[in-house]
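>>> Have a look at this prediction, sequence included:
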Amino acid sequence: MTLKTLNGVGPKTIEYLTKANVHDLNDLLLLEPVKYINYELSKDITSLKSLYFIENVRIAKVNKLAKNICQIIFLAELNNKTYRFIIFNKDYILYSLKKSLYVYASYQREKNYFLVDKIFQTKPLDIKVIYNIKGISDSNLSKIIYNAFNYFKAPPERLPLAIIDKYKFISYSDYLIKMHFPKDEEDLKQVLRRKTYEKYFWRSFFYEILNLKNQRQKEPKEFNKEEIKELIKKLPFELTLDQKEVLNEVLSELNSTKRINRLIEGDVGSGKTIVALLIAYATLISGYQAVFLTPTVILANQHYKNALKYFSQVYLLTSHTKTKERNEIIAKLNKGENILVIGTHSLLNIDFPKLGLVLVDEQQRFGVFQRSILQKKQPNCDTIYFTATPIPRSLAMTSYGGLDLSLIKTKPANRGKITTRVLNLLDLKPCFAKCLEKIAKGEQIFIVVPLIQSLDSNLFDLEKAKDLFASQIKAKYGFIHGKLKEQDKVEIIRKFNAKEIDVLIATTVIEVGVDIRNASVMIIMDADRYGLASLHQLRGRVGRSDLDSYVYLISDIESNERLALLEKIDDGFTLAEYDLKLRGPGDFLRNQSGFYNDVNTELEKKIFQYANYDGSNFAKKVFAAKTENKYDHILEMIAKYDYENN
């Protein structure tokens, strides 16, 4: 049975599914929704987004913000009481305001009004399943998946049966059905409970297996420390104390019989990359090959250009590398040449006969199994993971128990000051003024929006942001987002770097791997939609030179305590502790805040603790029985979808 034989699946649908990495029925059934929206009618007024039925709707005021964008204030009856409702949108929304409506909105208690996200003429389904597959509506995709279940064969259980019984989890078959077709909130809770446990269980299992394997000894890597010192002297800047400390620690371990399995955490702009390159250089001069794995082509290109400044035996290999160049690189590897290869996940399919080091940048963007594939190919290999998303020590110790931990907190000298301000959408004059000032000086601006395109949402998308800012700021605008081809993203970043673009409007695709020294303003629209870690990462895209920089967090939410923290705190490690308290370990680690937002954080903490304990114990039993390879297919499957969802 193939996708083509399903009702409603034609050549165009096959094309869209293929682009979403859905190639067969199995892929289709494993395709996870990006989020669910609960449209059950709310009887109580709450600050959480909820669905309300309102009557006697009448327009009170329309404020024009820019071409086709306006703030609409209307009055309506809810529970026999009159309230104000506010929506920011294209002006065509005026024609949707009928006498009686359903609105998806959040109540702003301090100001006594509702902030409206969506408007419906009729009652929507209780649970809306969102896939966000380009070219296929969510409703049509649900129909296709429903048809696929007619040919559904119960898959083998992924968790040990003793675990299923112990915690009364739904079966894997029921999980898949309820994941796509939840009837109510209870179904969603069952799906989320199992999903949360399973991710942590296999994460813990795999790190414990790596830890047990890493207890085996390796051959020391012999190198001349004077050569490292000479390279450091040639750097156009002085290493910070933290950089020196971490570098010396790792160089000592390279030269020992202990296999390195280390996580290096560094705040944004703290200089992790140069530390990684110096470690790679030490590996090369000791007679081994090295790999630098990155999640995006943009980041791979950036690291490649930086590495070439310091030593020559560096090569770039991504899915866009020409066949001739790819074959030349592989030939060098097969000859045993000591080279550093920088690239994306396409490196996972390459053999490295003398692999001595694997560097994984932004490690949280790869599944745990993916991060270990290269290491498994060469048992004498050291592995170092890097992240610019600081993880609280308490969480790192339980989630990454098999890894040693290093911190780079201090930032290089001669960096400009970063000022962060929270602004309401109706009070953008300070932001506009600063943008005009910076543009006049020849400096550049980032504007980040949560959506590529939105027809019915209160949220900003690319065009909506351009309409707003272009009405006040005359400049050369550009767009970048995750749906663009990788080579197009690279070209846009090249143009921005070359100052051919003044204002770059982007989604969070720029969160990592974009180093534009001349950018000095970051504007984040609908900032309340992001976690503290993401906001801090985005803030880190400016302030990368001696220019003073400004970050504007634009939000409709009144008195947002979470955003106010960013005005006071610029240290990522301190923010990480707050983020953990606010979001819980699940949302913090998996970076998928949309799955189902009404999560009981305390319950999730318990699941996290139990799953880590169970996964570790199960790994010890499996390792003792020498049957760990039996579970590779599960980890491969989880890693595949984990990577695609990131």
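Arrived safely. This one's a predicted model, so the numbers in the text were calculated from it and none came from an experiment.
>>> Domain ranges for the protein, per the record?
50-120, 219-408, 418-570 (automatic domain parsing).
>>> which helix is the longest one in this protein?
helix 185-214 (DSSP state H).
>>> how about the helices in the stretch 451-600 of the chain?
462-470, 486-497, 532-539, 561-568, 572-590 (DSSP state H, counting those that start in this stretch).
>>> Turn the ones you listed into CSV, including distance to Phe608, mean pLDDT and mean neighbour count.
(C-beta placed from N, C-alpha, C; glycine too.) Shown next, in CSV, are these (distance: least, CB to CB, whole Å; pLDDT from 0 to 100; neighbours: other CB atoms under 10 Å):
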stretch, distance to Phe608, mean pLDDT, mean neighbour count
helix 462-470, 36, 93, 20
helix 486-497, 34, 92, 18
helix 532-539, 17, 89, 24
helix 561-568, 21, 89, 16
helix 572-590, 5, 63, 20
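>>> quick one: buried residues of the longest helix of the chain?
187-214 (16 or more other CB atoms under 10 Å).
>>> In PDB, list the C-alpha atoms belonging to the helix or strand following that helix.
Following helix 185-214 in sequence order, the next helix or strand is helix 225-233 (DSSP states H and E). Extracted C-alpha coordinates of helix 225-233, given in PDB (Å, rounded to 0.1, in the frame of the first residue of the first chain):
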ATOM      1  CA  LYS A 225      51.200  22.300  22.800                       C
ATOM      2  CA  GLU A 226      53.600  25.000  21.400                       C
ATOM      3  CA  GLU A 227      51.700  24.800  18.000                       C
ATOM      4  CA  ILE A 228      48.500  25.600  19.800                       C
ATOM      5  CA  LYS A 229      50.000  28.500  21.600                       C
ATOM      6  CA  GLU A 230      51.400  29.900  18.300                       C
ATOM      7  CA  LEU A 231      47.900  29.800  16.800                       C
ATOM      8  CA  ILE A 232      46.400  31.500  19.800                       C
ATOM      9  CA  LYS A 233      49.000  34.300  19.500                       C
END
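>>> Does Cys381 touch Val360 like I think?
No: Cys381 is not in contact with Val360 according to CB atoms under 8 Å; the separation is 11.9 Å.
>>> any weak-confidence spans in this structure?
1, 68, 90-92, 363-377, 390-402, 455-457, 513, 558-559, 579-602, 635-646 (pLDDT under 70).
>>> Now do the strand ranked longest in it and helix 462-470, the angle between them.
What stands out as the longest strand in the chain, according to DSSP state E, is strand 50-66. For strand 50-66 against helix 462-470, the angle by axes from the mean of the first three to the mean of the last three CA atoms, to 10 degrees is 40 degrees.
>>> quick check: angle from the helix or strand following strand 50-66 to strand 50-66?
Beyond strand 50-66 on the C-terminal side, the first helix or strand identified by DSSP H and E is strand 69-78. Counting by the same axes, to 10 degrees, strand 69-78 lies at 150 degrees to strand 50-66.
>>> quick one: contacts of strand 69-78?
With contacts defined as CB atoms under 8 Å, 6 or more residues apart in numbering, strand 69-78 is touched by 45, 52-65, 82-91, 93-94, 97, 101, 425-426, 464, 467-468.
>>> Equivalent analysis for stretch 133-140, please.
Contacts for stretch 133-140 (CB under 8 Å, 6+ apart): 8, 12-13, 15-17, 19-20, 128-132, 141, 144, 483.
>>> Type out the PyMOL command that picks the buried ones from those.
Those of the contacts of stretch 133-140 that count as buried under 16+ other CB under 10 Å are selected in PyMOL with:
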select buried, resi 13+17+20+128+129+131+141+144
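>>> Mark which of the contacts of stretch 133-140 are part of strands, please.
Lys128, Val129, Ile130.
>>> In JSON lines: the residues you listed, plus distance to Asp546.
What follows is those, written out as JSON lines (distance: CB to CB, whole Å):
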{"residue": "Lys128", "distance to Asp546": "48"}
{"residue": "Val129", "distance to Asp546": "49"}
{"residue": "Ile130", "distance to Asp546": "43"}
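>>> So which of those is the closest to Ala506?
Ile130 (21.6 Å; CB to CB).
>>> mind listing what the closest one touches?
So Ile130 contacts Pro33, Val34, Lys35, Tyr36, Ile37, Asp138, Gly594 (CB under 8 Å, 6+ apart).
>>> export the residues you listed to CSV and tack on secondary structure?
As requested, the contacts of Ile130 are exported to CSV (DSSP: H, G, I helix; E, B strand; the rest coil):
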residue, secondary structure
Pro33, coil
Val34, coil
Lys35, strand
Tyr36, strand
Ile37, strand
Asp138, helix
Gly594, coil
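>>> neighbour-wise, which of the residues you listed leads?
Within these, neighbour counts (other CB atoms under 10 Å) peak at Tyr36, which reaches 22 neighbours.
>>> Report the beta-bridge partners for it.
Note on Tyr36: beta-bridge partners Val129, judged by DSSP bridges.
>>> is it true that it touches Lys128?
Yes: using CB under 8 Å, Tyr36 and Lys128 qualify as a contacting pair, with a distance of 6.7 Å.
>>> Cross-check the contact I'm expecting between Asn338 and Lys354.
Yes: applying CB under 8 Å, one finds Asn338 in contact with Lys354, separated by 7.2 Å.
>>> shared neighbours of the two, which are they?
Common neighbours of Asn338 and Lys354 (CB under 8 Å, 6+ apart) are Gly287, Tyr288, Gln289.
>>> of these, buried ones?
Tyr288, Gln289.
>>> just checking, which of the shared contacts of Asn338 and Lys354 belong to strands?
Short answer: those in strands (DSSP E) are Gln289.
>>> Take the shared contacts of Asn338 and Lys354 and write them to a markdown table, including distance to Phe223.
Formatted as a markdown table, these follow (distance: CB to CB, whole Å):
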| residue | distance to Phe223 |
| --- | --- |
| Gly287 | 8 |
| Tyr288 | 10 |
| Gln289 | 14 |
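>>> so which of the contacts of Ile130 would you say is closest to Lys411?
Nearest member of these to Lys411, counting by CB to CB, is Gly594, at 31.7 Å.
>>> between the domains of the chain, which one is nearest to Phe152?
domain 219-408 (24.9 Å).
>>> which parts of stretch 57-76 are buried?
Val57, Leu65, Ile69, Cys70, Gln71, Ile72, Phe74, Leu75, Ala76.
>>> Closest one to Ile510 out of those, please.
Closest to Ile510, out of all of these and judged by CB to CB, is Ile69, at 23.0 Å.
>>> Distance of that closest one relative to Ile445?
19 Å (CB to CB, to the nearest Å).
>>> any idea how far Leu30 is from Asn21?
Relative to Asn21, and taking CB to CB, Leu30 is found at 10 Å.
>>> Of those two, give the one with the bigger neighbour count.
Between Leu30 and Asn21, counted using other CB under 10 Å, Leu30 has the larger neighbour count: 16 against 12.
>>> So which residue of the chain lies furthest out from the middle?
For the chain, the largest distance from the centre (CA atoms, centre = their mean) belongs to Asn80, which lies 43.3 Å off.
>>> Quickly note the distance from that residue to Lys123.
20 Å.
>>> Identify all contacting residues around stretch 143-161.
1, 6-9, 13, 25, 28-29, 31, 136, 164, 169, 171-173, 176-177, 180-181, 197-198, 201, 618, 634.
>>> residues of it that come out buried?
So for stretch 143-161, counting by 16+ other CB under 10 Å, buried means Ile144, Ile145, Ala148, Arg158, Leu159.
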